Each structure stands twice: as C-alpha cells, then as structure tokens.
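Visitor: Coordinates only, no sequence provided:
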C-alpha cells in the first residue's frame, strides 16, 4: 500500500513543496524567529530543508517507477503576453531530481552544522540578534536553488539563478560591518553580485535569442524545436551557446568572471560550503547539462565551454598553490574543480560532469565545514590565550598561524584528510572516479586538454597536501593554535556524514555499473559513458600520488616555522609570486574595467551632464535673459525713443509698400 | 492747364510731416515737441483738404475741422501737464522724466 | 513736362515758405521764435487752403491754430520762463537716426508721388470751393453726433486742464499734513 | 456603457471637494487637516477600486465615458469627455494609491503651512486623474498644465535650499514642451474638426512633413516630461529640492504622464510616423538607460542618485513603447507602474532618513542596517526591486520590455536591445553602491548610532508598496490582463504599417 502510494505518478505533484517547505521555514523565522531561541530557530530551518530533501527523495522513488518523459506540473500562470507564455511550471526529471537531492541533502547537513557554528560565530562577532537572520537567508537560498533546478523554463531558472545570487550577496555581506576598513565584506558582497550580474546579462541575452529563435522559453518546447537551419540559424545557435557560457562563467566562477568567488569567502563558513562550493556555483554546470540539446546543435559552442573549463581548472589550481588563507585555497580549488565540471559538460560528458558535481559537493562541503571547524577551534584558542591583549591582529584563517592541529582536533583532522584525499583523486574515494571519468573523456577529445587537466589534477593533489601539512602537522605556531579545541557534535556529526559520503560517493557511478549514467540518460539523451581505461586510471592515480609526494617533499619533510618563506618560492621565485598575487587579475580588472567605468561616469556626471546638457538648458535661459535685457535697453523710458521706433516702422512699411 | 498735380501737395505734406516727426524725436523741450506735433497734424490736414478738392467732396474738410478740435483739446491738456510737471520738478526737460523706467 | 503756370509759382513759393518756417521752428534755439515760426507756417498753410477752395478751413486754421493755440503756447512759455532752450549735448544717435529716417520718408514720398506714379488726380486752384453753408449743413446733419462729441471732448479737456494745474495746491496741502504727522 | 452614477466623475470630484473642506478648516488644526486629506485620498482610492470593479477587462474600448458639451473653438466643439481604458486604468489606480501614501508620508515631515500643502496635494490629484481620464485634447491639455501649478508650489514652498531654482526650472521645461503640444492640438482639432481623441485615431490625409511636425510637437512635450535623454536635467533638481511626498508623486505619477502621452497620442494618432521614428526613439531610450545609470553611479546625494535612476528606468519604458509590439507595450505600461512603486518607495526611504538626519549625502551614512534593522530590510527589498531582481516587480517589466525590444520589427537593431540589457548590470552597480554606502559597513558617524528604527506609521506607508512589489513580481497576470485588449488594439492599428516595414 505504502509502496504503491509512493511509487505512483501522483507523488510527483508534490514537486512544488521543495520550494514551499523552505519558504514556510523562512516565513516562520521571519515572523517569530527572534522569539524562538537559537536552537528552535535553527531547527526549524533545518527541518524545512530536511523536508525538502524528503520530498525530493519521494520524487526520486516515484520517478524511478515512472520513467516516461519529463513530468511538468503547473502551479500558476505567470507572464502571458502575445507569444511570450511563461508559467510557474515545475519539471520533474532525473536531472532536476538529482540536483534537488544534492541541494537539499548537503543543504540540510550544512544547516545542522550551522546551528552550532553560528552559535559561536554570532558571539564572536558580538551580534547574537543576527542568528535568526542567517537561517532565513539559508532557507531563502534553498528555496531559490530549488526554483533554479526544478524550473521548466529558462525564465524560471533565471529567477532561481538571480535569487541564489541575491542570497550569496546577503550571506557574503552577512557581517557587513566587518572586513577590511569595516566595509571589506560589504564590498566583497557587492562584487559578487555585480560580477554575477555580468553573467546574468549573458543569460538574459541568451534567453532573448532563444525566444526569438524558438518562440518559447519552455525547455520542452525549445528542445523539441530542432536545430535551426541556414547560415543565420547556425550563428544564432553559436550566439546562444556563447551567451549561456557567459552566464556559466559568472555563476560557476570560470574565467574571466571568477574573481568574485575568492572574495566571497568573507561569508560565514557554512555559506562558503553550501553556496560557494557545493551548490550555487554548480548551477552553471547544471545549466549546460540542462541545455544539452542546444549545445548539441553546434560544435563551436560546447568546444568553447570545454576550453574555458579546462583553462580555468589549470589557472585556478596554480593560484591555489600560492595562497596562505585556508579558505582561499579551498576557494581557488573550487574554481579549479568547477573548471573540471564545466570542461566535462563542454566535452559532452554530461554524466561525468554531473557525477563530479555530486562528489565535489560532498567533499568540498566537507572541506569547507572542516575548515570552519578549524577556524572556530583556533578562534576559541585565541580567545583563551589572549585574555589581556584582546585586540591584537590575528587571522585564524592564515595557515601560517596554524599547525599541529591533528592532535587537538582529531575528528576534524580525520574528516579533513578524507576530504583532501578525495579531492586529490585518490582511489577509491569519490573524487577519483568522477575525475577519472572526465580525464578519460578529455583524452578522447583533445590531447592538450587531457594534459592540462592532468596538470591541474597534479596541482590539486599538491596544494591539498601543502594545506594539510601546514594546518595539521608540525608544531602549533601560535598560542591560538596551541589552545585550539574540538567542536561540539552538532558540528562534527554532519562532518562525519559528509566524510562517509565522500568515501562512498564514487559508488554512484562505478565503471561498468553506471547507476548515475542510466539514471540521467533518461533526461540527457545520447550521452555514452567513457570506456573505463585502466591506463588512464593508472595515469590519473599516479598524478595524484605524484602531487601528494611532491607536496610532502616541499612541506612535509621540514616543519613550517613562523615567518619563513614558502619553500616553493625559493624554487620558483617570481613564478610563485605570480601565483601568490593571483596573476594580478583583480588589478587588471581594476585598471581596464572598473576605473574606466568610474572615469566615464565621472565625465558623464560632471562635465557632460552638469556643464554640457544642463549648461545648455540653463544657457538657453540665460540667453533669453540676455536678449530681454538687450531689448530692455531699447525700453529707455523716453517717449521720443518710442516715437523714433514708430517712425522707423513707418519708414520701413512705406519702403516695403514701395518696393513691393 | 490751371491745375496743380495732386502729388505736389502730398509731397509737401510728407515733408512737413517728417520735419514734425524729427522734431518730436529729437527735441528735449516738451513745448517744442508739442509744436512739432501740431506741425504733423497740419501736414495731415493739408492732405485732407487737398483730397477734398481733388474729389470735390466736402467731407474731408469736416475731418480737418474735427482734427483741429482734438488738437486744441490736446494742447490744452498737454500744456496743463507741462505746467504741472514744471511745478513739481522745476524743469521740463523730458530726458529727466523717465520714472517709468525702473 | 512741367509748365510753370502762375498757380504753380504761387504754390511753390508758399510751399517753400511753409517748409522754411517748419525748418526754422525745428532748429530754433528760442521757443518764442519757434512758436512764432510755427504761426508763420500755419498761416502759409492757411494760404494754401484758400488757394484750393477751402476758405472755411483756412479761416479756422488762422483763428484756432495761429490765433488761439499758438497764443496759448506763447502764454505758457512766458509763464514758465523757458524761452531759451538749454544747449544740446553732443549730437546723439537719436538725432542722426531721426534725421536719417526723416530723409528716408521724404525720399520715399518723393519717389512715390513724383517719380513712380504720376497721379491722375489734380487740384484745381480756386475750384471746388466748399462754402460755409455746405460745411454747416454737413456738420449739423450728417456729422451731428461726432460734432456733439467734440464738444464733450473740449469740455473734458477744459476740466482736465484746470484739474491738472490745480492739483499742485491740493497735493502740497496733503504733503504738509503728512509732514505734520 | 454609461452607468447612472459615473465613478469617473465622482473620482474627479472627490479631491476637489476634499480641497474645499480643507479650505474651511482653520490652519492651526493641523491634525484635522491631515486626517481630512488622508480620508479624502483614501475615498478617492476607494472610488478608483469601484471603477476597477466596473471595468470590463475583456473590452478594448473606452469605458464609463462621459461626454458633456463645454465650448467651441473656431466652430469645433470642445467637450468635457472622460473615459478609461486599458492604457489608463493602471495609471489611475497608481495615482490614487500614491497620493494616499504620499499624504501619509508627510504626516510629520510637513509641519509648516499644512493646510496649503494638503490642499495643493489634493488639487494635484485632480490634475493627474484628469490627465489620465481626459479623452478630449483640449481637456487633456488643461489638466496637463493644471498639474504644473500645485507641483510648482509644492516644490517652491516646501522644497529644499534651491527650491525656487528647481521649481522654476521644472515649470519652464515642461511649459516649453507643452506650448508646442498646444499648437499641435489646435492645428489637429481645426484640421479634423474634432478634439475628441477616440475620433482622431490614425489620422490620414496629412502631408508627411506636417505629420512629422505634429508628431514631434507631441513627442517633445512628452519626452521632456518622461524625461528622455537629453531633456532630463530638470528632473534631478526638481527631485532633490522637492519635499518627499512631492518627489514620490513626481517620480510616481507625473513622469508617467509623459510616457502615457506617447501611448495615448503619438502612437494611435500617427502610427506610420511612430514606426519610422521608433529606431531613433529606441536609441535615445537606450542612451538614457546607460547614461542615467552611469551618472547615478557618481552622485553623492542619495536623492539625486534615485533621480538619475529614474532617467535610466524611464529609458526602459520608452524602449518598450517604441518596440511597438504587445510585449514591449505591455511591459512598458507595467514598468510605469513598477517604477512608480519602486522609485516612489525609494524616495520614501530617502525621506525617512532625511527626516532623521537632515542630510542625504551618502558620506554621512554607513551601517544603517545595524542601527535600523527593520528599515534596512525594507530598504533592501525596495532597492532590489529597483535593481530588477527576478521575483520582484521590476524584473517582470524589464524582461518583457527587453524581450519586446529583441523581437521588435520596428526597432530592428538587436544591438539596441543588447545595450539596453547592459543597463541591467549597471542598475546593480549604482544601487548596490548606494546600498553599501548607506546601509552596510560600520557605523561611521556617531549621530547615526542612536537613530530610531521605523515606526508603525512609516511601516504602514511602505507596506502597500512592498505588497504590490511582491505581487507584481510573482503574479503579474491580473495586471497584464487589464491592459491586454487595449494594447492589442493599438498594435492592430500599427500592423499594416509594420508589414510595410518588413
């Protein structure tokens, strides 16, 4: 009976609840959250997210038994003007349900973790009032993400797309009075939003072109439309692909729009884990996978995507090598891994890309949350070590200030190690399988791409080793690290769950079993699994171990001392500086984009607007004044002057009459 | 031919009229201005009478009569004004009478 | 071609006298002379009136204008003691412009009346005489209403003139009263 | 359809009567004056709802028409002809809503000459309603000019430091345009023998040159009011100097009169010319979008920033109008409402901080969200609505307008539409810049540390706007449904000429 119920197709109508549960959660917290107390408030938010997960799971079960074409459920009409018909439609298919599960699953774990983390964080930042606000934002985020993945039209996807951008903005700026000069976080938030907006511009233009070409924004109708013919049609398809790519580079932090993600680390760590590692940033990958039929229409579009992803993967990995901030390393690592995913979906390896997306969600969320655990543990140590001199500048995120934590924070250490190994791509952890699949595809695509991705994988293993050693091994380099303490179970239990997932996540799509492949094939047609190759797997594994070994070679043999120069810097010199300074991308943007815009605005606002345009308008006024003053001179008040005027007039009229 | 062309009278009238106008415009003494004004009336009257003769119609002369009456009235009032102004200001130079302007 | 008939000769000489007297009035430094020259001008014009068959108007011209109005002028000049006109300032724009425009108008008139179109109309000296009876007939029949209105205008002018000249005393008394307060 | 009692006539009379009652109340009883004004405006709002209930959304025709003879001009009858259709009904509702809110917002902000203020406000409402309801060109012109007078005094008496300058500038700019419009109106009326707008639709038989001149005469008057680049410079001055309520009405309704004028006169009267002119107007609109956004970014005064943002937003409206297809036009009308709500609300929040601190410079603020959490949250929603965040009202309008522009046959330059889309990025730039400087960061000024959060009256002032912002963002269907028949009618008028362009 129960089985029958949950496998029935009617269950799929519940889809809108993945949006409503978080909405209800956030409304409860918005209205009475402050009165509920921290535990209850966080609990409600977690419950809302958890219920969304349960709903998604029910959908999964039901969908498994009803494998026919995508199910679309209409909630309400939205915009209906002439040919533009967009509704609040939810799409249930394997791809969307997969994303829902990842989002709500990882999301719920992070919610639970945040109950503990934020408890300490709001006290560290001296504003406990803001506790509830955090969970409101988090639920809003889950809601927006659900809209993004469950949408049936590009426009509705776009709502979620910008909605998560908003949440990202709010959460990066959560401590908006903190950061450099008291506005650092606020500026980082703004930067994230605006950079994302540039990407969204691409999304918008792509949508307009899609609408113009296919006459609809609904996935079903667009994908059913078929490849446009003719020279123009070809260019339109390429245009759509490229503008979608721009959107992807914005949201998924690819070249050239990745700059916001490292700064986004200003947000509380659970935010970095949920939004800036596991879910939101993967929306770009999802978008490409979702738009697979469009990308399949041209060869150039997906190639561009693949190359952007590949280059980003390598580029970001090099920067990660030179960072000292524990979260920045992870941030660049995320960019790099997103590059892998984007490259995968660009190559047409949609399943591989989605697979990596899932495993990455597990281990990167794990890494970030553990990093948060480290930071809070060290903050604890800092507060207990520095009773007197409280205001001394101390950065708990700087890896140079840490060290030796493996003894003090045992759980955190072990789960971190699991995450790092999974990221490095060590078999049989989750990361190995997904990354291997991508690399295998790359070999079939282009040897250079293959080489670049392998190199990126090598760097990945290298910087993770570097990080693990700097943070957990050696001696504690500061009193704070000395006094670090493990966190309560509310934080460690989600870590352990994630660690387990990171270990076994690879089972989702084992070679020759390919569960995920078959599951997603129902939605994304014409994707074939890469032939599992022991050679490639061996090479990939060797690269991972090579990275780890060389990491150990530089950072493991000798303990890091406070104030020392990075050993790699001694070897690489200026090249390392390039990595450390992030290739000066921010500076380049500043000089070539921001400053010109500011200058142009200043010119428009002051000389053009005030002087030229307003001046012209006022000038007209002044001219009128001058003319009237000039005419006023004629108005002498002497009657005889007026008489002269009359007389002149008489003469003139006479003259006219004569000569007529 | 004992006739005189009409044009001669008109030209004479025009000359007198212009002289009168020049007087009005250039002189600063209101008395002279009034006299010039009278000259202009006179010029106009001359035309009336000339046309009256040319057309053999007496109506023109009636108008001259009316013009004279009005001129007389105007002179009476005008001179009274001048006297009043002279009493108020001690001078009748009209360049000093520009209180209309600011 | 122009034929000099006696009538023309008389006309030209009278016209020349009229223009000369007008010019004299215009340039005279002394208002009394100006007034007298104007009287001369009026008289010459009256001569022309007699010449072209308007004896009534000619007489009226002499009695009203030359007689009454100009006497009034002279009376005021004497009363105010402003016979001699103050020396002009430098010849201003006003003068040049006025002279120029005056010349232009005269030139235009000459151009029109003498050169451009020779009018078919002509004056018969001593012909078409309008006698006083005819004028009286017109005034008291056809133009009765305007005629009555002229009388009203004259009445208004008389009252106005009296009021204007009497104003001063009333005003000064008010001024004194205000000064007292 | 003429009902026994016509809601439109009553709607026009209510503020007038309210003004009369105000006149009878002694000036010293300020609270009573405020209450009377508020009740009057709310009654007007209720009447407009009654009108809405009477409105048949499926019909494209003018409804509730009243036509009374008024006078003759050169033997052409001028009638008192009013009516409402899909193009104007939302504007009427917007007017009554914003007037009520503005009166509520000036409850404490205006302490001097309350009587005059409220009286002018109600008179202004009469004028604005008249503009949207009038169906006779002369009547329209009378109301159009009539709105100037109360606004002139509102700025000139209750304004800021340079109020006289701003008021005169506002007056002169608008007059300069409308005089030409008057000439065009008289010419048309005499030429066609009627001043009735419905009878004048699609004028044939004009020489092309004459038609262009008439079109431009109307367009200039409306473009100044909108304001389109480069005729916009009166707007920042007027906004900055006007009292808060004046700014709300100025941005919310008066600017819409310009855009509405294009819809009511330029398009239906001269469809062919409108199509030929469309690329040029679209170009100017896009320049306005980018230009407004760029200049707004550089402003130091929050109110001025919002004023320039109006230039940018109204650019979208103009772009939508000259897309000349249902998408663009409906988007434009909705965006007119949206701009009224969002920018009106922005001016309200600027007014609220001004009332507390008597400064509007961004450098005098910072970290307000920490001090005034509720206010910060409300402001955020409003700012985001202005940014055009999906799910809020601004996005629905902008998206439909841009889609309209992309698919427009009349504009036919994709680059125009793409450039307009850039405006979406720039909107985020300047608004978030403002939000960061005012609300985020640390509290940099000690005066700001003790600021009081919003009180209930202020929340009630903002709440209707926020509700509408969310409603339109999530479920705009009823709004589109109201205007759809009228817009389709308008497009049908264009269709033959559009075919010719193709």
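Guide: Looks like it came in fine. As the structure is a prediction and not an experimental result, all values here were calculated from the model.
Visitor: Residues contacting stretch C:56-72, please?
Guide: With contacts defined as CB atoms under 8 Å, 6 or more residues apart in numbering or on different chains, stretch C:56-72 is touched by B:38, B:42, B:45, B:49, B:61, B:64-65, B:68, B:71-72, B:75-76, B:79, C:35, C:38-39, C:42-43, C:45-47, C:49-50, C:130-132, C:135. (C-beta placed from N, C-alpha, C; glycine too.)
Visitor: Can you list the buried residues in that stretch?
Guide: For stretch C:56-72, burial by neighbour count (16 or more other CB atoms under 10 Å in any protein chain shown) applies to C:56-58, C:60-62, C:64-66, C:69-70, C:72.
Visitor: What of stretch D:55-62?
Guide: Residues D:55, D:57, D:60, D:62 are the ones in stretch D:55-62 that count as buried (16+ other CB under 10 Å).
Visitor: Including pLDDT and distance to residue A:397, could those residues go into a markdown table?
Guide: Formatted as a markdown table, these follow (pLDDT from 0 to 100; distance: CB to CB, whole Å):
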| residue | pLDDT | distance to residue A:397 |
| --- | --- | --- |
| D:55 | 87 | 61 |
| D:57 | 83 | 59 |
| D:60 | 82 | 64 |
| D:62 | 85 | 67 |
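Visitor: Select, from those residues, the two members most distant in space.
Guide: Of all pairs drawn from the buried residues of stretch D:55-62, the widest gap by CB to CB lies between D:57 and D:62 and measures 13.6 Å.
Visitor: quick one, helices of chain B?
Guide: Listed in chain order, the helices of chain B (DSSP state H) span B:6-26, B:30-55, B:59-89.
Visitor: Do you have the strands of the chain handy? List them.
Guide: You didn't pick a chain, so chain A it is. Assigned by DSSP state E, the strands in chain A fall at A:71-81, A:84-92.
Visitor: switch to chain D, that's the one I care about
Guide: D:63-73, D:76-84.
Visitor: and residue D:287, what does it touch?
Guide: Per CB under 8 Å, 6+ apart, neighbours of residue D:287: D:229, D:315.
Visitor: gap between it and residue D:276?
Guide: To residue D:276, residue D:287 is 19 Å away according to CB to CB, to the nearest Å.
Visitor: Remind me what the helix or strand of chain B with the lowest mean pLDDT packs against, helices and strands.
Guide: Within chain B, no helix or strand scores below strand B:4-5, which has a mean of 82 by mean pLDDT, DSSP states H and E. Secondary-structure packing of strand B:4-5 (3 or more CB pairs under 8 Å, 6 or more residues apart in numbering or on different chains; DSSP states H and E): helix C:6-27, strand C:122-123.
Visitor: same thing but at 6 Å, please
Guide: For strand B:4-5, the elements it packs on are helix C:6-27, judged by 3 or more CB pairs under 6 Å, 6 or more residues apart in numbering or on different chains; DSSP states H and E.
Visitor: contacts for the host helix or strand of residue C:133?
Guide: Assessed by DSSP states H and E, residue C:133 sits inside helix C:132-140. Here helix C:132-140 makes contact (CB atoms under 6 Å, 6 or more residues apart in numbering or on different chains) with B:58, B:62, C:56, C:147.
Visitor: pretty sure the first one contacts residue C:129?
Guide: Read it as residue B:58. No. Residue B:58 is not in contact with residue C:129 according to CB atoms under 6 Å; the separation is 9.9 Å.
Visitor: Report the buried members of the contacts of stretch C:56-72.
Guide: Buried by 16+ other CB under 10 Å: B:38, B:42, B:45, B:49, B:61, B:64-65, B:68, B:71-72, B:75-76, B:79, C:35, C:38-39, C:42-43, C:45-47, C:49-50, C:130, C:135, out of the contacts of stretch C:56-72.
Visitor: still on that earlier bit, which among the strands of chain D is found nearest to residue D:321?
Guide: Nearest of these to residue D:321, taken as CB to CB: strand D:76-84 at 19.4 Å.
Visitor: which residues are contacting that closest one?
Guide: D:8, D:62-71, D:133-136, D:138, D:189, D:193, D:195-196.
Visitor: The same query, at a cut-off of 7 Å, please.
Guide: Strand D:76-84 is contacted by residues D:8, D:51, D:55, D:62-72, D:92, D:133-136, D:138-139, D:189-190, D:193-196 when judged by CB atoms under 7 Å, 6 or more residues apart in numbering or on different chains.
Visitor: Check stretch A:417-431 too.
Guide: A:333, A:359, A:362-363, A:366-367, A:370, A:432, A:435, A:457, A:460-461, A:464, A:468, A:499, A:502-503, A:505-506, A:540-541, A:544, A:547-548.
Visitor: Just the endpoints, please. Distance across that stretch?
Guide: One end of stretch A:417-431 sits 13 Å from the other (CA to CA, to the nearest Å).
Visitor: picking that back up, make CSV out of the buried residues of stretch D:55-62 and add distance to residue D:118.
Guide: Output for those, formatted as CSV (distance: CB to CB, whole Å):
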residue, distance to residue D:118
D:55, 29
D:57, 34
D:60, 38
D:62, 32
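Visitor: what does the average pLDDT come to for stretch D:441-448?
Guide: Averaging pLDDT along stretch D:441-448 yields 82.
Visitor: Buried residues of it, list them for me.
Guide: D:441, D:443-444, D:448.
Visitor: contacting residues for residue 95?
Guide: Assuming you mean chain A. A:289-290, A:520, A:523-524.
Visitor: actually it's chain D I care about, not the one you picked
Guide: Contacts of residue D:95 by CB under 7 Å, 6+ apart are D:125, D:128-129, D:132, D:253.
Visitor: With residue A:227 instead?
Guide: residue A:297.
Visitor: cool, and residue D:162?
Guide: The contact partners of residue D:162, by CB under 7 Å, 6+ apart, come to residue D:241.
Visitor: pLDDT at it, what is it?
Guide: Looking at residue D:162, the pLDDT reads 85.
Visitor: ok so, going back, same list, the helices of chain B, but as a markdown table with distance to chain C please.
Guide: As requested, the helices of chain B are exported to a markdown table (distance: least, CB to the nearest CB, whole Å):
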| stretch | distance to chain C |
| --- | --- |
| helix B:6-26 | 3 |
| helix B:30-55 | 4 |
| helix B:59-89 | 4 |
